[in-house]
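>>> can't give you the sequence, but here's the structure:
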């Protein structure tokens, strides 16, 4: 039987040459792995409104969601996701780890030192310059 494809949003947030990453809590799926913050799209929600809601819930910020960065699909043993990634150019508030073990602002060249979830790895590679979209400030 084919698994259901779950659509999930994620944010690429740059500030002062650093990108925000979040570490999943140990008890969560993919626990202890790093990711770009975001979450599951609810029924009747657009990806952009989902991402604004998720960033408010997870980080306590009010974000202005910008252009799409890309879309990637990944199949885990428990199901498949379609990751819709957006650039967040501006936000108000101070980012805090409200639903993650921790958050960090890292330079793109530090991304290979972080153990990312498999679905988020293509985004990290893109930010390292292995893709063709300039995302740095």
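Yep, it's here. Everything quoted here is computed from the prediction, not taken from an experiment.
>>> show me where this structure has helices.
Using DSSP state H, the helices of the chain run over 47-59, 121-125.
>>> can you add mean neighbour count and give those helices back as CSV?
To be clear about C-beta, it is placed using only N, CA and C from the backbone, and glycine gets the same treatment. What follows is the helices of the chain, written out as CSV (neighbours: other CB atoms under 10 Å):
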stretch, mean neighbour count
helix 47-59, 20
helix 121-125, 19
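>>> lowest mean pLDDT across the ones you listed, which one is that?
Lowest mean pLDDT within those: helix 121-125, a mean of 94.
>>> show me the contact partners of that one.
Helix 121-125 is contacted from outside by 10, 12, 36, 69-70, 72, 83, 85, 111-112, 114, 116, 131, using CB atoms under 8 Å, 6 or more residues apart in numbering.
>>> show me which of those are buried.
Neighbour-count burial (16 or more other CB atoms under 10 Å) applied to the contacts of helix 121-125 gives 10, 12, 36, 69, 72, 83, 85, 111, 116.
>>> so for this structure, the centremost residue is which one?
With distances taken as CA atoms, centre = their mean, residue 36 lies nearest the centre of the chain, 2.4 Å away.
>>> residues in contact with the residue nearest to that one when sequence neighbours are not counted?
Leaving out its chain neighbours, the residue that sits closest to residue 36 by CB to CB, 6 or more residues apart in numbering is residue 10, at 4.1 Å. Residue 10 sits next to 35, 36, 37, 38, 51, 83, 84, 85, 86, 120, 123 when contact means CB under 8 Å, 6+ apart.
>>> also residue 38?
So residue 38 contacts 8, 9, 10, 11, 50, 51, 54, 55, 58, 85 (CB under 8 Å, 6+ apart).
>>> can you do 6 Å?
9, 10, 11, 51, 54 (CB atoms under 6 Å, 6 or more residues apart in numbering).
>>> and the nearest residue to residue 4 once chain neighbours are set aside, what pLDDT?
Nearest non-adjacent residue to residue 4, counting by CB to CB, 6+ apart: residue 79, 6.6 Å away. Here, the pLDDT recorded for residue 79 equals 86.
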